[in-house]
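Asks: Okay, here's the prediction I keep looking at, along with the sequence it came from:
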Amino acid sequence: MGKKDLVIRVAGEGGEGVISTGDFIAAACARAGQEVYTIKTFPAEIKGGYAMYQVRTSLDPLFNQGDTFDILCAFNGEAYQINRHLLLPGTAFVYDYPEGGFEPEIPPGVHAYPVPMSKTAKELKSYRSKNMVALGALSGLFNINEETLLNVIHDKFQSKGSENLNFNLEAFKKGQALVKDVAKTDPWRIADPVPPKDVLIISGNDAVGLGAILGGLRFYSAYPITPATEIAKFVAVHLPKVAGVLIQAEDEIASISQVLGASYAGKRSMTATSGPGLALMSEMLGMASMSETPALVVDVQRGGPATGMPTKHEQSDLFLAIHGSHGDAPRIVMAVEDVNDCIHMTVEALNLAEHYQCPVILLSDGSLAFSTQTVPAPKPDRIKIIDRKRWDGTGEYQRYGMTEDGISPMVDPGTPGGMHVATGLEHGPTGAPNYSPPNHAAMHRKRFGKLNTVVDFVAPTQIDGDGDADVGIIAWGSTIGVVREAVIRLRQEGVKVKGFYPKLMWPMPVAQYEAFARTCGKILVPEVNFQGQLAHFIRAETNITPISLTICGGIPFTPIQIMNKVKEML
Ligand code: COA
């Protein structure tokens with residue numbers, strides 16, 4: 001792939017403004033016409049603990065956060081200690097010195113730039129602005145566009161008052177001045193601005209919120225949980241503009257119950273949560289399956305189980321999403337690859353819920369939740385909204401009447417002639433309880449059978465590569481972006497490799513999996529969970545015997561990890 005990109009990692013203590021610094025760099029680069037892909041990790045505590053923000057920029061499309069950084073900016077000794085093994089020859093190292101409280105050993109070949117961040121902030125009598133001194137230095141050293149940086153700093157701090165804005169601008173300028181005469185020895189430089197494209201720079205969570213609004217959402221209820229809360233924050237600002245309603249419920253059981261109630265009343269409805277919340281919702285998901293009520297649940301996966309690693313990335317809710325229920329409870333499960341998917345697959349998931357009258361679980365994850373990426377600005381007039389099948393008012397109304405496609409017409413409560421029994425009990429065509437064995441079996445066939453067409457309703461699984469390959473890689477969720485790059489780089493090295501990237505996780509597109517596997521020697525399934533959850537489903541549902549590659553350290557794969565595994569398999 002050549003080295004056309006640049007990766008800057010800023011690290012320090014939670015509360016020191018690491019996250020703002022990374023946000024500023026990302027937004028400034030995007031406004032200067034660069035593609036941007038970011039990843040951040042921070043502690044569960046409000047203050048203290050290790051916080052890290054990595055920005056990858058390029059003029060070419062980016063699929064992931066990259067293998068490692070080119071530039072490290074360390075605000076404290078812990079940030080240096082955690083990252084020192086990645087200070088490889090050629091990397092640039094900017095650090096707080098002499099009052100940073102640590103004396104780093106500079107490895108051979110590393111370009112070191114000590115910058116008095118704390119000292120300068122103290123001299124300016126605004127310790128809060130240490131991060132702005134660092135930002136000024138980074139801008140001066142690596143050509144981060146000054147004009148766009150100043151714009152984003154204004155945007156952020158203006159709302160906090162002119163005093164706040166002014167001391168930060170002063171600190172920024174001071175940081176620039178500190179490195180003005182420094183002899184630059186490293187090769188890293190962000191490309192000069194190019195005309196900006198028609199893009200948004202947006203986080204995965206905000207993108208889900210945007211997709212929901214574009215997808216016709218009218219009711220949202222959720223209970224706050226990391227890393228899903230920002231979806232509610234976005235929706236809370238924008239849903240009232242389309243006369244929608246948001247409720248912060250008392251817990252996740254209440255939120256899914258309200259979603260089902262609003263959906264029953266005729267509104268496109270959703271909630272968003274993370275693993276523990278999804279677990280709490282499982283009873284009402286059964287209710288949604290049984291009552292055939294459209295409902296979207298976005299699950300932003302995090303490290304589990306239990307409180308687990310709430311701010312860390314993991315892809316470990318696939319078992320729960322697909323089978324987390326009592327009884328035989330059909331649902332559709334999808335997984336997003338990137339921030340662009342967070343917009344468009346939320347629209348699609350709402351459509352699927354309405355069309356198939358069932359719960360849809362859309363899986364995002366901790367790395368995407370907080371990742372900001374440049375994405376094509378969505379075109380609202382090109383967004384297709386699919387409404388539920390509604391009763392046309394003729395004949396006797398049967399809420400669960402048998403139809404060719406298994407989907408029965410719905411009515412809004414109060415529709416004349418549309419009275420029916422609505423209950424979680426097993427029922428006959430009118431909704432009246434019916435426990436007869438043939439009826440229970442027939443209704444199961446209806447509820448599961450209607451999902452047989454989902455695989456044709458959604459776009460076919462993307463395949464990267466033609467012909468036969470020695471290794472085929474099946475990836476899901478945000479791991480897809482890592483595999484996309486690994487496949488490109490492996491091919492450049494002459495390795496015969498292909499990729500298969502399912503977004504529809506359940507019902508599984510079994511024929512597509514098997515057709516892909518027939519063109520590959522071996523199949524590799526990398527995923528960020530301990531048990532190899534997708535690999536398990538592949539073994540159970542298809543004739544493929546994959547090799548599972550799992551990691552679960554709270555961070556995503558890197559392309560080089562995938563490449564090394566493929567080479568090992570060969
Ligand atoms: N001048 C003035 N204010 C500044 C500043 C500066 N130079 N630099 C940063 N700030 C402000 C930021 O604007 C932000 O305030 P805001 O939220 O009102 O915008 C605040 O200081 C924190 O700075 P930020 O850069 O966003 O974060 P940080 O790198 O200091 O890290 C967090 C702190 C955000 C990671 C941490 O506090 C946090 O929230 N952790 C997660 C907690 C959590 O979710 N737990 C889950 C439990 S289940």
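Replies: All right, it came through fine.

Asks: Where does the prediction get shaky in the chain?
Replies: Along the chain, segments meeting pLDDT under 70 span 1-3.

Asks: Relative to its centre, which residue of it is most distant?
Replies: Computed with C-alpha atoms, centre = their mean, the residue of the chain farthest from its C-alpha average is G395, at 45.9 Å.

Asks: Is it located within a strand, as I assumed?
Replies: No. Counting by DSSP: H, G, I helix; E, B strand; the rest coil, G395 is not part of a strand but coil.

Asks: contacting residues around it?
Replies: Not one residue lies near G395 by C-beta atoms under 8 Å, 6 or more residues apart in numbering. Backbone N, C-alpha and C define where each C-beta goes, glycine included.

Asks: Near the ligand, which residues of this structure? Just list them.
Replies: 14-20, 42, 44, 46-47, 51, 128-129, 131-132, 164, 168, 226, 310-311 (C-beta under 6 Å from any ligand atom).

Asks: contacts for stretch 514-525?
Replies: Under C-beta under 8 Å, 6+ apart, the answer for stretch 514-525 is 461, 463, 467-475, 498, 500, 532, 534-535, 538, 542-549, 562, 565-566, 569.

Asks: how about stretch 421-441: buried residues?
Replies: H427, G428, P429, G431, N434 (16 or more other C-beta atoms under 10 Å).

Asks: Endpoint to endpoint, it covers what distance?
Replies: Stretch 421-441 stretches 20 Å from its first residue to its last (C-alpha to C-alpha, to the nearest Å).

Asks: Just the residues contacting that stretch, thanks.
Replies: With contact meaning C-beta under 8 Å, 6+ apart, stretch 421-441 is reached by 264, 286-287, 290-291, 398-402, 408, 420, 443.

Asks: which one of those residues sits closest to L86?
Replies: Nearest to L86 out of the contacts of stretch 421-441 is G286 (C-beta to C-beta; 46.5 Å).

Asks: Identify the residues contacting the host helix or strand of the closest one?
Replies: Per DSSP states H and E: G286 is located in helix 282-291. Helix 282-291 has contacts (C-beta under 8 Å, 6+ apart) with 253, 256-257, 260, 264, 293-295, 297, 320, 324-327, 329-331, 358-359, 361, 422-424, 426, 447.

Asks: returning to that earlier point: take the buried residues of stretch 421-441 and lay them out in CSV including secondary structure.
Replies: As requested, those are exported to CSV (three-state DSSP):
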residue, secondary structure
H427, strand
G428, coil
P429, coil
G431, coil
N434, coil
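
Asks: quick one, what contacts the residue of the stretch 101-250 of the chain at minimum distance from the ligand?
Replies: Closest to the ligand within the stretch 101-250 of the chain is T226: 3.8 Å, counting by C-beta to the nearest ligand atom. Counting by C-beta under 8 Å, 6+ apart, T226 touches A44, S274, R302, P310, T311.

Asks: secondary structure class for G521?
Replies: Quick answer, by three-state DSSP: G521 is strand.

Asks: Let me know the distance separating it from F557.
Replies: 21 Å (C-beta to C-beta, to the nearest Å).

Asks: I'd like the next helix or strand past the helix holding G286.
Replies: Downstream of helix 282-291, the next assigned helix or strand under DSSP H and E is strand 295-301.

Asks: re the thing from before, selection in PyMOL covering whichever of the residues of the chain next to the ligand are buried, please.
Replies: To isolate the buried members of the residues of the chain next to the ligand in PyMOL, using 16+ other C-beta under 10 Å:
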select buried, resi 14+15+16+17+18+19+20+42+51+129+131+132+164+168+226+310+311
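
Asks: Of the residues of the chain next to the ligand, which belong to strands?
Replies: Under the assignment DSSP state E, those contribute A51 to strands.

Asks: If we go by neighbour counts, what in stretch 462-473 is buried?
Replies: Per 16+ other C-beta under 10 Å, stretch 462-473 contains these buried residues: D464, G465, A469, V471, G472, I473.

Asks: Closest one of these to E485?
Replies: Proximity of these to E485 (C-beta to C-beta) peaks at D464, which lies at 10.5 Å.

Asks: So the closest residue to the ligand within the stretch 451-570 of the chain, which state does it fall into?
Replies: Relative to the ligand, the nearest point of the stretch 451-570 of the chain is G554 (13.3 Å; C-beta to the nearest ligand atom). Three-state assignment for G554 (three-state DSSP): coil.

Asks: Who are the contact partners of it?
Replies: Contacts for G554 (C-beta under 8 Å, 6+ apart) come out as T41, G303, M309, K312, H313, E314, G366.
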